[in-house]
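J.: build me a model from this:
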Amino acid sequence: MDLQTAEQKISELRNLLNQYGYEYYVLDQPSVPDAEYDRLMNELLELEEKFPELKTTDSPSERVGGKVLDVFEKVEHRTPMLSLGNAFGEQDLKDFDRRIRQAVGDDFSYVCELKIDGLAVSLRYENGLFIQGATRGDGTIGEDITANLKTIKSIPLRLREDVSIEVRGEAYMPKKSFETLNKAREERGEDLFANPRNAAAGSLRQLDPKIAASRNLDVFLYGIGNAEDLNVASHSEGLDYLDTLGFKTNKERRKCNTITEVIEFVNSWVEKRPHLPYEIDGIVIKVDKYEHQAELGFTAKSPRWAIAYKFPAEEVVTTLLDIELSVGRTGVVTPTAMLKPVKVAGTTVQRASLHNEDLIREKDIKIGDQVVVKKAGDIIPEVVNVLAELRTGNEIDFQMPTHCPECESELVRLEGEVALRCINPKCPAQIREGLIHFVSRDAMNIDGLGEKVISQLFAEKLISDVADIYKLTREQLLALERMGEKSVSNLLNAIEISKRNSLEKLLFGLGIRHVGAKAAKTLAQQFGSMDKLAEATRDDLISINEIGDKMADSIVAFFEQEEALELIKELTAAGVNMLYKGAKPVSVEESDSIFAGKTVVLTGKLEQLSRNEAKEKIEALGGNVSGSVSKKTHLVIAGEDAGSKLTKAQELGIEIWDEEKLLAELNK
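T.: Residues are numbered from 1 along each chain as shown. Below you'll find the predicted structure:
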């Protein structure tokens with residue numbers, strides 16, 4: 001077969017396979033037997049192997065899984081993937097409805113959709129071609145899992161239109177695939193996955209795409225990340241548009257004009273939920289029109305125009321076998337119920353937090369009791385109550401200890417607190433938990449240093465404080481179990497990279513009491529360096545808007561400790577950055593920038609800056625960056641392919657700049 005004939009045959013095979021795949025995996029209406037599909041796929045694979053120059057990234061053969069990856073690259077989402085606020089009952093939904101009506105009036109509608117229990121993903125297409133897929137991550141930065149997502153047969157590799165679009169959805173493992181996977185793992189003597197969601201997440205984070213391909217995952221697409229750039233006016237129109245492009249959307253959705261209709265839809269699925277071929281954990285309710293969504297806007301964490309109704313937690317009865325104690329990084333001693341294993345909301349539960357001694361007394365919990373267990377928000381197991389009428393007389397009262405279970409120091413209850421606390425700064429449990437916190441994603445974000453590795457290093461006495469992490473050697477790490485050359489090289493590289501983090505990451509990682517990630521950034525912005533923060537007085541600190549009395553006292557107390565100052569010296573000597581690397585915010589009064597006090601909207605694709613970079617620079621000059629255009633908007637920055645936001649700005653007579661003018665102003 002010559003090249004021209006092969007090219008024509010390959011094109012025919014791809015068209016057929018794409019059509020048959022769409023019918024089978026998206027429409028669930030196969031038109032040919034599986035054997036015929038497999039025959040055509042094998043023919044395509046043979047031709048592409050014989051003529052490799054004809055293989056393309058949108059070929060159906062990409063579904064089988066490509067080469068093994070070394071690591072997942074980080075991806076910055078052009079539009080943040082925010083989480084939703086939760087509703088746990090009808091009153092929460094009515095309160096949500098009241099807030100919407102107060103903001104936009106009565107002329108609006110909702111769209112209700114099933115909340116798929118899977119892993120949120122973002123898919124990017126350029127001119128109709130699938131070019132990148134990523135996990136949600138922290139909402140701003142995710143991981144590039146393109147190779148694994150290509151193995152999901154319901155994700156089109158090429159769209160029916162040559163459109164550039166970013167879509168969001170939920171990758172999940174159907175119940176049947178989950179049962180098949182766990183049965184195979186059981187036969188091989190491997191650990192079983194707890195639930196389909198964990199199985200889906202684990203599959204998509206495999207470095208070998210062939211493993212993901214073998215897991216038979218699926219996806220439902222539920223939103224458009226760049227809807228403002230497309231000619232759609234509402235969420236329901238957006239979903240219909242996704243259907244026309246060849247995406248798989250969930251058809252169990254309904255447009256509702258009142259909250260009463262929403263509640264009826266929610267209640268209907270409480271009963272029907274177990275009969276679905278996939279897991280759902282609630283219903284998502286969204287205001288339909290994008291115009292209303294823009295008017296409602298966002299909080300720091302979630303959109304005001306959407307809410308997730310979480311189904312009532314399933315409750316089961318089991319035996320409380322024992323109560324164990326753990327010591328956290330702040331010294332709080334937490335009792336945990338050890339339960340006879342029981343299945344709750346799809347997972348096997350063996351432990352449930354009891355929070356503190358007062359809760360144990362309040363619920364009259366005894367060891368040996370029959371207890372009712374549920375998952376709060378379908379996630380965290382908790383003991384609801386005791387079935388006292390089933391007691392046999394053999395139950396045992398539980399007494400909280402007077403001394404720390406880890407270091408034997410006397411426990412104290414600080415004024416105004418219900419928790420018992422170990423205040424020994426050398427308590428091994430606190431040190432270990434502090435180390436785990438230091439390397440976590442929101443702190444120093446050291447890949448490869450998870451809880452198990454930290455515990456191993458601590459047990460081997462290779463680390464006793466966070467400065468020791470930067471003294472680890474290749475020889476020490478290679479001597480540990482399950483640590484090979486490659487993983488050790490990756491870990492040492494990640495440790496080295498963490499030295500370059502901006503000051504706020506280090507501040508949060510140090511675990512200063514009451515100082516969370518947001519406060520750490522505020523402190524880093526205000527003082528600029530660790531040295532200046534260490535010299536700050538209580539009055540200096542409480543003069544900052546977000547810093548209250550308790551936090552100020554805690555910061556001053558931390559820097560008064562000789563051990564803390566010595567630790568910072570060691571970290572500095574190891575090369576850990578002690579300076580704030582971001583832009584320092586300027587108040588409206590201080591700024592002479594044109595952005596000061598102005599509300600700015602970014603739309604379209606910027607060539608030289610990411611949206612986040614532009615946002616940070618504008619906010620650093622006293623501006624406020626909003627996600628929607630309204631009468632209160634002062635300025636719109638329009639990049640390439642700017643859509644409905646640009647149109648609305650033109651209609652309202654708002655000033656519009658291109659990226660060149662933005663850069664010129666930022667460079668002044």
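J.: from here on, contacts and neighbour counts on C-alpha atoms
T.: Will do.
J.: which residues are in contact with the nearest residue to residue 503 once chain neighbours are set aside?
T.: Nearest residue to residue 503, sequence neighbours excluded (CA to CA, 6 or more residues apart in numbering): residue 580, at 4.6 Å. Residue 580 makes contact with 502, 503, 504, 524, 525, 528, 529 under the criterion CA atoms under 8 Å, 6 or more residues apart in numbering.
J.: so which of the residues you listed are in helices?
T.: 503, 504, 524, 525 (DSSP state H).
J.: nearest to residue 170, of the residues you listed?
T.: Closest to residue 170 out of the ones in helices among the contacts of residue 580 is residue 504 (32.2 Å), distances taken as CA to CA.
J.: is it possible to get TSV of the ones in helices among the contacts of residue 580 that adds distance to residue 497, neighbour count and pLDDT?
T.: Listed next are those as TSV, based on distance: CA to CA, whole Å; neighbours: other CA atoms under 10 Å; pLDDT from 0 to 100:
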residue	distance to residue 497	neighbour count	pLDDT
503	14	26	95
504	15	30	93
524	19	26	93
525	21	19	87
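J.: wait, residue 196 touches residue 171, no?
T.: No: in this structure, residue 196 is not within contact of residue 171 by CA atoms under 8 Å, at 10.6 Å.
J.: what is in contact with those two at once?
T.: residue 118.
J.: and the longest helix along the chain, how far out from the chain middle?
T.: Of all the segments of type helix in the chain, defined by DSSP H, the longest one is helix 3-21. The chain centroid and the centroid of helix 3-21 are separated by 39 Å under CA atoms, centre = their mean, to the nearest Å.
J.: same thing with stretch 46-59?
T.: 36 Å.
J.: what's that stretch in contact with?
T.: Here stretch 46-59 has contacts from 3, 6, 7, 10, 14, 129, 130, 157, 158, using CA under 8 Å, 6+ apart.
J.: check stretch 417-424 too.
T.: 327, 330-334, 356-358, 403-404, 409-414.
J.: can you tell me which of these are buried?
T.: 327, 330-334, 356-357, 403-404, 409, 411-412 (16 or more other CA atoms under 10 Å).
J.: domain boundaries for this protein, per the record?
T.: 3-64, 85-310, 315-391, 428-498, 503-573, 599-666 (automatic domain parsing).
J.: which strands or helices does the helix or strand hosting residue 180 pack on?
T.: Element membership of residue 180 [criterion: DSSP states H and E] is helix 175-187. If contacts are counted by 3 or more CA pairs under 8 Å, 6 or more residues apart in numbering; DSSP states H and E, helix 175-187 sits against helix 196-204.
J.: what helices and strands are in contact with the helix it packs on?
T.: Helix 196-204 packs on strand 119-126, strand 165-172, helix 175-187, helix 209-214, going by 3+ CA pairs under 8 Å, 6+ apart.
J.: what angle separates the longest one from strand 165-172?
T.: Helix 175-187 and strand 165-172 meet at an angle of 50 degrees, taking axes from the mean of the first three to the mean of the last three CA atoms, to 10 degrees as the criterion.
J.: what residues does helix 175-187 touch?
T.: So helix 175-187 is in contact with 191, 192, 193, 195, 196, 199, 215, 216, 217, 277, 278, 279, going by CA under 8 Å, 6+ apart.
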